[in-house]
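# The following block contains a protein sequence and its predicted model.
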Protein chains: 2
Amino acid sequence: MTARSWIVLTDGYTTTRNAKTAHGVLRYARDPVAAVLDREYAGKTMAEVMPGLGSDAPIVADLDEARQLGGTALLLGVATPGGWIPEHWRPWVLAAVDAGMEIANGLHRFLADDAELVERAGASGARLWDVRQPPDDLPLFTGRSIDVPQKTVLTVGSDCAVGKMTVSLELAAAAACAGTSAEFVATGQTGIMVAGKGIAVDRVISDFLAGAAETLVCDANQNAQVLMVEGQGSLWHPAYAGVTLGLLHGSAPHALVLCHQAGRTAIEEPPFTKLPPLPEMRRVYEEAARTVREARVVAVAVNCRDLSDDEAAAAIAEVEDEVGLPAADVFRGGGPKLWEAVRAEVGL
Amino acid sequence: MTARSWIVLTDGYTTTRNAKTAHGVLRYARDPVAAVLDREYAGKTMAEVMPGLGSDAPIVADLDEARQLGGTALLLGVATPGGWIPEHWRPWVLAAVDAGMEIANGLHRFLADDAELVERAGASGARLWDVRQPPDDLPLFTGRSIDVPQKTVLTVGSDCAVGKMTVSLELAAAAACAGTSAEFVATGQTGIMVAGKGIAVDRVISDFLAGAAETLVCDANQNAQVLMVEGQGSLWHPAYAGVTLGLLHGSAPHALVLCHQAGRTAIEEPPFTKLPPLPEMRRVYEEAARTVREARVVAVAVNCRDLSDDEAAAAIAEVEDEVGLPAADVFRGGGPKLWEAVRAEVGL
């Protein structure tokens, strides 16, 4: 098999929040990005358009040009309300299918349910990879994950969209820089595209949720010393708290890192439930973990995305004071500080 | 549509624990049971074979005989490991399909995935009802369930298989006897067959778990004053705690009834996690509920199935003493006592 090189399709969305899948892949993916496909910014590089992202991928207007740059796989780099592929993308998707490329889709609607794509992929040999489609042979939870040889670290959140995936990735990077072999364990669509594998646990039938998390941990790289498991949702987001708890029990972590956005006092979606103070969140997550294994919250990852550097420093200091734990913003280089707190706890 | 009258198929399993679906239907179903189909006990009645069940349904050896007794729908009354229909049942199932009957199946494997059954049902007009198959248009949780006009009561458990469905049914019966219109809201396969409708929440994709619970509550009988929602799993059973929490948040109960088996100190399945003391379970369930609505545990339903009457009375007294709440065993007539505790709390 040829090594995978991504063509990231974001046409019309490149700089928007809907393109967060693309942004995650551009920043963190294991596989290289050959090009970004967007007609508006064609001719520039991602470093010019979004300097904060840390990617210098070229932007092109055309699929053939992207393939000439080495692209082998088309990544649909957007999350749309309703989960549909943007209609104007279809000709590119069809062209990639007819060219026998791999198409990676993190949307809620699956390529495999699109009869035309399936038929044309059958003819060309294209692989339609719906990353949110879980394996169909998941087991129930049994407790096997309690016995894995690696140390397991789970990010838990005060809310959705506070940066749990990013924190897990930055913890893995910081561990690696410090000489500890770490594997990022993906549990959501962007994470799966970044890692090249994983299970979207919120897409699993509820009965098998903890079993899916257990499977991920048990099947992770045996040579890694530490597994950084991507958290999902929040115990205070009632739409997703079940997923959060199933992942917490199923992955049986040794340590937790609490992720929070500075200043957030309620969840951002209906019914906008109030968040308790951080020390209470810490206590509740530790209590919930205890059912399968004692695991402490060892640090707080504070997302300061809307703050100045001075404000961020003040917010982090305030969190440290309130919770009595190390805190840092991974978007401002705080990964190593958080990793040090984890390392000390798990004894690596 | 003709009124439904069940033929409960339990051949080979009638008195076993695997037949708990059948037992629940025989005891509680809205629709009448015309006959039980079991060759071993044919000629007797259920009152003779299982006097504790409160059913006097005749037992027959033959599908035609059951139909002559008025049976219109075949209920597969067993839960098998693996979720398969017992092989020796297939001729009866095929005969019922060919006769155009309704077939109700609570097993994990669906009739709709059996090509022969689907084809023959297409020819005869038989309805294949896989009760665990959730609707395919479930919404995400939004908080609508917080605003329903009815009072909502959820059973929560220390473990699986402690009697949550039975407690919800007995609470509904006790409420009705006391003049309060109550609806049982089914969330598992046996409950769905009993009620004739519902959603098996553990079969729902995790993302939609709380939304499914919310849908059940919002779609319940508007004329009922109180909804008795069947609980699932336990926050201390790590395989299912996510389901428990999603159901707790999604249904947004006004009051909780904690269900427990006397003497159980650990969950009954791997990894056999230890149960905390009852007062701690009460606190944790109330804390978890608070995210969407303040709801107190108002009583403890103590399942004393393995105890003598004296032992049961002692166990119930001990629970009342430990928790400081009314306790009773619904299998020993305790429904009205539990209902009185609920009624006082919700103000009906």
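Thanks, I have the structure now.

# helix, strand or coil for residue A:179?
coil (DSSP: H, G, I helix; E, B strand; the rest coil).

# quick one: pLDDT of it?
pLDDT, residue A:179: 97.

# now the one 4 residues further on
Confidence at residue A:183, expressed as pLDDT, is 97.

# I'd say it and residue A:222 touch.
No: assessed by CB atoms under 8 Å, residue A:183 is found out of contact with residue A:222, at 9.7 Å. Just so you know, the C-beta spots here come from the backbone N, C-alpha and C atoms, and that holds for glycine as well.

# Please identify which of those two sits among more neighbours.
In terms of neighbours (other CB atoms under 10 Å in any protein chain shown), residue A:183 is the more surrounded of residue A:183 and residue A:222; the figures are 20 against 10.

# wait, is the more buried one part of a helix?
No: counting by three-state DSSP, residue A:183 is not part of a helix but strand.

# what sits opposite it in the beta ladder?
Beta-bridge pairing for residue A:183 (DSSP bridges): residue A:227.

# any idea how far it lies from residue A:198?
11 Å (CB to CB, to the nearest Å).

# now swap in residue A:35 and tell me
For residue A:35 relative to residue A:198 (CB to CB), the value is 24 Å.

# what do you get for residue A:331?
Distance from residue A:331 to residue A:198, by CB to CB: 22 Å.

# same check, this time on residue A:244
17 Å.

# Give me the more crowded residue out of these two.
Set side by side, residue A:244 and residue A:198 show more neighbours around residue A:244, with 29 against 24, by other CB under 10 Å.

# wait, that one sits on residue A:236?
No: at 9.0 Å, residue A:244 does not count as touching residue A:236 under the criterion of CB under 8 Å.

# still on that earlier bit, so what sits against both of residue A:183 and residue A:222?
Common neighbours of residue A:183 and residue A:222 are listed as residue A:150 (criterion: CB atoms under 8 Å, 6 or more residues apart in numbering or on different chains).

# hey, where'd the helices end up in the stretch 51-200 of chain A?
In the stretch 51-200 of chain A, the helices defined using DSSP state H, counting those that start in this stretch lie at A:63-68, A:90-98, A:115-124, A:164-177, A:189-195.

# Contacts for the second one next, please.
By that I understand helix A:90-98. Taking CB under 8 Å, 6+ apart as the rule, helix A:90-98 contacts A:7, A:9, A:11, A:37, A:63, A:74, A:76, A:85, A:103, A:116-117, A:120-121, A:123-124, A:126, A:128.

# Give me the subset of those that also touch chain B.
Among the contacts of helix A:90-98, no residue sits close to chain B (CB under 8 Å from any CB of the partner chain).

# Look up the pLDDT of the residue in chain A sticking out farthest from the centre for me, please.
Centroid-distance maximum for chain A: residue A:123 at 32.7 Å, with CA atoms, centre = their mean. Note for residue A:123: predicted pLDDT of 98.

# and the nearest residue to it once chain neighbours are set aside, how many neighbours does it have?
Closest residue to residue A:123 apart from its sequence neighbours, by CB to CB, 6 or more residues apart in numbering or on different chains: residue A:98 at 7.9 Å. For residue A:98, the count of nearby residues is 13 (other CB under 10 Å).

# Against residue A:202, how distant is residue A:98?
Distance from residue A:98 to residue A:202, by CB to CB: 32 Å.

# got a list of contacts for stretch A:328-340?
Here stretch A:328-340 has contacts from A:163, A:166-167, A:170-171, A:173-175, A:177-178, A:257, A:299, A:301-305, A:309, A:312, A:316, A:326-327, using CB under 8 Å, 6+ apart.
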